[in-house]
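S.K.: Output the structure for:
(one chain, ligands or ions: 1)
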Amino acid sequence: MRYSYEDNGERSLILRGVKRVVLKIGTRLLMDVPGICARERVAQLVNEIALLRSSGIDVIVVTSGAVGAGMQLLGTKRRPSSVALKQALAAIGQCELMTLYETASVQHGFHCAQLLLTAADLQDHGRHSFVSQCLTALLGTGALPVINENDSVCVDEIKVGDNDTLSAMVSSLVRADLTILLTTIDGMRERDEETGELGARLSVVDELDPELLAMAQGTDGNRFSVGGMITKLRAAEMVTRSGEALLIADGYDFKVLRSIFAGDDVGSLFLPSRKVRMHARQRFLAFFAQPRGDLIVDKGAAKAVLNSGKSLLPGGILGLRGVFERGDAVRILDVEREEIGRGFVNFGNMELSLICGAQTGDLAKLLGHAPDAVEAVHRDNLVVFKSLMQK
Ligand code: GLU
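M.R.: Down below sits the predicted model:
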């Protein structure tokens, strides 16, 4: 089964183990519900979160709405195209957004805590660990962490770009058992590729594949929203391949959280992948670390890495690209230049270029000294991972 139209016990199986949840709220759910102001919407949401917390579940919120709140405060009709103006609106709106969350939280006897992140905070190993330890400490204090991207200080190249992906990153960081993306649609729907017509809701997705991705649509062009189904599936890919579950559901009525935790068949549930499970270092490699170069490997080495759980030896490397140092992340490409994995490399590019294709016994002679390691990438520092999102 790749997906099914109804739940066959999968929800109760997943829910049984859920202790920690990352909950993402899209802007439209807060700012664009006719007749209900954002203040009221946040109050409704925090009310449901308080219930969840009282049942013993850790909740971390990833909220959109900074730019939207800024637009509302200044009476801006359309999302501006100017980057500087978007940054400014986010700066104005983020204050308002947090005021709403804090006002609602204190009604339930806890405080909320703001974390504004950029991609750079998560890609650097040291900073990554600091964010993680801060979140753990925050949960320990009983505060409600409320995260958004730091839109005011980041532009394209250091931006995560959308909060679906940010939620998946946060989940990976805190090892949330379940990520819930609340949005304006009731889940993923089958889509006829020719007519574009939407069909039945997919209740349970067992394994993401290219065909499912093809069904996903891009941003819907609403004046507030950023992501679309594609960013949600990217999030689902990250979360499920890390070994956890993700659910996309309609958050028009925040009471949907009660239904979700009652095990009702709402939304689309993406099950943890059965093919890939990643431990912390592998998650960092696959989803956060920025590769500094590529190692192109021969067929034998590709097979050893992919199928036999082996390390990558210099002998299997045909060539390399990029400037990297020992300990940097690199991509591992097969002869067709398709990525088959990533790893932390044991040699800088200069040294490695001297020993590409060489037998282990010849390394010392070629390098002029005995190497600390004989593997180019040790198995423990390697993740076999081919993203479905690669073009
Ligand atoms: N960070 C953006 C905001 O708060 C939203 C990004 C998103 O919705 O994906 O306005």
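
S.K.: surely residue 242 meets residue 169?
M.R.: No. The criterion here is C-beta atoms under 8 Å, and residue 242 misses it with residue 169 at 10.1 Å. Any C-beta I mention is one placed from the backbone N, CA and C, and that applies to glycine too.

S.K.: Now do the shared contacts for the two.
M.R.: residue 287 (C-beta atoms under 8 Å, 6 or more residues apart in numbering).

S.K.: residues in contact with residue 55?
M.R.: Residues in contact with residue 55 (C-beta under 8 Å, 6+ apart) are residue 261.

S.K.: Ok, residue 204 next?
M.R.: Residue 204 sits in contact with 3, 4, 6, 7, 8, 10, 11, 268, 269, 271, where contact means C-beta under 8 Å, 6+ apart.

S.K.: hmm, try it at 10 Å
M.R.: Counting by C-beta atoms under 10 Å, 6 or more residues apart in numbering, residue 204 makes contact with 1-11, 14, 245, 247, 265, 267-271.

S.K.: now swap in residue 173 and tell me
M.R.: Counting by C-beta under 10 Å, 6+ apart, residue 173 makes contact with 22, 60, 117, 122, 128-129, 131-132, 135-136, 280, 283-284, 287-288.

S.K.: With residue 360 instead?
M.R.: Each residue near residue 360 by C-beta under 10 Å, 6+ apart is listed here: 313, 314, 315, 371, 374, 375.

S.K.: Output these as JSON lines; include the columns secondary structure.
M.R.: Shown next, in JSON lines, are these (DSSP: H, G, I helix; E, B strand; the rest coil):
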{"residue": "313", "secondary structure": "coil"}
{"residue": "314", "secondary structure": "helix"}
{"residue": "315", "secondary structure": "helix"}
{"residue": "371", "secondary structure": "coil"}
{"residue": "374", "secondary structure": "coil"}
{"residue": "375", "secondary structure": "coil"}
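
S.K.: could I get these as CSV with neighbour count, pLDDT and distance to the ligand?
M.R.: Listed next are these as CSV, based on neighbours: other C-beta atoms under 10 Å; pLDDT from 0 to 100; distance: C-beta to the nearest ligand atom, whole Å:
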residue, neighbour count, pLDDT, distance to the ligand
313, 21, 97, 42
314, 27, 97, 42
315, 19, 96, 45
371, 16, 93, 45
374, 17, 95, 45
375, 20, 96, 40
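
S.K.: from the residues you listed, which two are the most distant?
M.R.: Farthest-apart pair in the contacts of residue 360 is 315 and 371; separation 13.1 Å (C-beta to C-beta).

S.K.: what sits in contact with each of the two?
M.R.: Taking C-beta under 10 Å, 6+ apart as the criterion, residue 315 and residue 371 both touch 355, 360, 363.

S.K.: is it possible to export those residues to JSON lines including distance to residue 200, secondary structure and pLDDT?
M.R.: Below are the shared contacts of residue 315 and residue 371 laid out as JSON lines (distance: C-beta to C-beta, whole Å; DSSP: H, G, I helix; E, B strand; the rest coil; pLDDT from 0 to 100):
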{"residue": "355", "distance to residue 200": "55", "secondary structure": "helix", "pLDDT": "97"}
{"residue": "360", "distance to residue 200": "55", "secondary structure": "helix", "pLDDT": "94"}
{"residue": "363", "distance to residue 200": "58", "secondary structure": "helix", "pLDDT": "95"}
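
S.K.: As JSON lines, the residues you listed with distance to the ligand would be great.
M.R.: JSON lines is the format used below for the shared contacts of residue 315 and residue 371 (distance: C-beta to the nearest ligand atom, whole Å):
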{"residue": "355", "distance to the ligand": "45"}
{"residue": "360", "distance to the ligand": "48"}
{"residue": "363", "distance to the ligand": "48"}
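
S.K.: Please determine whether stretch 161-177 lies in contact with the ligand.
M.R.: Yes. Contact of stretch 161-177 with the ligand (C-beta under 6 Å from any ligand atom) involves 162, 163.

S.K.: residues contacting the closest residue to the ligand within the stretch 251-391 of the chain?
M.R.: Proximity of the stretch 251-391 of the chain to the ligand (C-beta to the nearest ligand atom) peaks at residue 251, 12.8 Å away. Listed by C-beta under 10 Å, 6+ apart, the contact set of residue 251 reads 23-26, 28-30, 33, 41, 45, 48, 180-186, 257, 267.

S.K.: go on, residue 238?
M.R.: Residues near residue 238 by C-beta under 10 Å, 6+ apart: 164-165, 167-169, 171-172, 179, 244, 246, 278, 283, 286-287, 387, 389.

S.K.: which secondary structure element contains it?
M.R.: In this assignment (DSSP states H and E), residue 238 forms part of helix 229-242.

S.K.: could you point out which element follows that helix?
M.R.: Of the helices and strands lying after helix 229-242 in sequence (DSSP H and E), the nearest is strand 245-250.
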